[in-house]
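Undergrad: Next input, structure requested:
(2 chains)
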Amino acid sequence: KQEVTQIPAALSVPEGENLVLNCSFTDSAIYNLQWFRQDPGKGLTSLLLIQSSQREQTSGRLNASLDKSSGRSTLYIAASQPGDSATYLCAVTSGYALNFGKGTSLLVTP
Amino acid sequence: DAGVIQSPRHEVTEMGQEVTLRCKPISGHDYLFWYRQTMMRGLELLIYFNNNVPIDDSGMPEDRFSAKMPNASFSTLKIQPSEPRDSAVYFCASTLRVESQPQHFGDGTRLSIL
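TA: This next block holds a predicted model:
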């Protein structure tokens, strides 16, 4: 069974800092890996999707990398802003379902 | 474009009552998923459909849970009878292609069983 782990569980940083969120998974047989953002009381918003054949994807201040052989992914957020405060979830597609980590709760303070 | 639409947003009901959650996927998406989110277990897949056909319901916790997709634009998740431990946020998601496209999530239904 695919296990997805996210470290750290919570993170607080001052505005402007660059930061890295980590995700690891146990089974490298994946179609893709997705990073989501979840705001309180809201659904999940897809941020980036990395295909299993890709190494990284970028969108604005976000950069996600994937090392499938080692079962690791990182989400890099540049120049963090208070509006980035949310829970960030990593999920891998194994078979046809997404297997989620428990998320990293990010707080960016002004 | 309209996203995935779920209703109701909130549901509070008493133990033993029947609960029906509804989902309208994004038009043209062939896959529909029902997930449940709790503090203890995080997000878990309950069931998914491909072209309106249930493919994998191994995540459905008990026979009290059932899901249907009568057509490409509508799905329901039913709990009968409901129990307090069913309290959670239930999400519906859809995608055009699982292997290469992101899943799009609705805002969820927050269910409280008293």
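Undergrad: Spatially nearest residue to the residue of chain B positioned farthest from its centre, not counting backbone neighbours?
TA: Ranked by distance from the centre of chain B (Cα atoms, centre = their mean), the top residue is residue B:100, with 21.7 Å. Computed as Cβ to Cβ, 6 or more residues apart in numbering or on different chains, the closest residue to residue B:100 that is not its neighbour in sequence is residue A:51, at 6.4 Å. Heads up, the C-betas are built off the backbone N, CA and C, glycines and all.
Undergrad: same deal with residue A:11?
TA: Nearest one to residue A:11, counting by Cβ to Cβ, 6+ apart, is residue A:106 at 5.2 Å.
Undergrad: From the chain's centroid, how far away is the helix or strand the one you found falls within?
TA: Per DSSP states H and E: residue A:106 is located in strand A:104-109. Mean-position distance between strand A:104-109 and its chain equals 13 Å (Cα atoms, centre = their mean, to the nearest Å).
Undergrad: Return it as PDB; C-alpha atoms alone will do.
TA: This file holds the C-alpha atoms of strand A:104-109, laid out as PDB (Å, rounded to 0.1, in the frame of the first residue of the first chain):
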ATOM      1  CA  THR A 104       2.100  20.700   5.900                       C
ATOM      2  CA  SER A 105       0.400  23.600   7.600                       C
ATOM      3  CA  LEU A 106       2.200  26.800   6.600                       C
ATOM      4  CA  LEU A 107       1.900  30.100   8.300                       C
ATOM      5  CA  VAL A 108       3.700  33.200   6.800                       C
ATOM      6  CA  THR A 109       3.800  36.100   9.200                       C
END
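Undergrad: Each with direction, which strands does that strand pair with?
TA: Within its sheet, strand A:104-109 is paired with strand A:10-14 (parallel), strand A:86-94 (antiparallel), according to DSSP bridges.
Undergrad: how about those in JSON lines, adding mean pLDDT?
TA: JSON lines is the format used below for the strands paired with strand A:104-109 (pLDDT from 0 to 100):
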{"stretch": "strand A:10-14", "mean pLDDT": "96"}
{"stretch": "strand A:86-94", "mean pLDDT": "95"}
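Undergrad: out of those strands, deepest packed?
TA: strand A:86-94 (a mean of 24; mean count of other Cβ atoms under 10 Å in any protein chain shown).
Undergrad: Spell out which parts of chain B neighbour chain A.
TA: For chain B, the residues in contact with chain A (Cβ under 8 Å from any Cβ of the partner chain) are B:4, B:31, B:33, B:35, B:42-45, B:48, B:50, B:55-56, B:59, B:91, B:93, B:98-108, B:110.
Undergrad: Nothing else from me, thank you.
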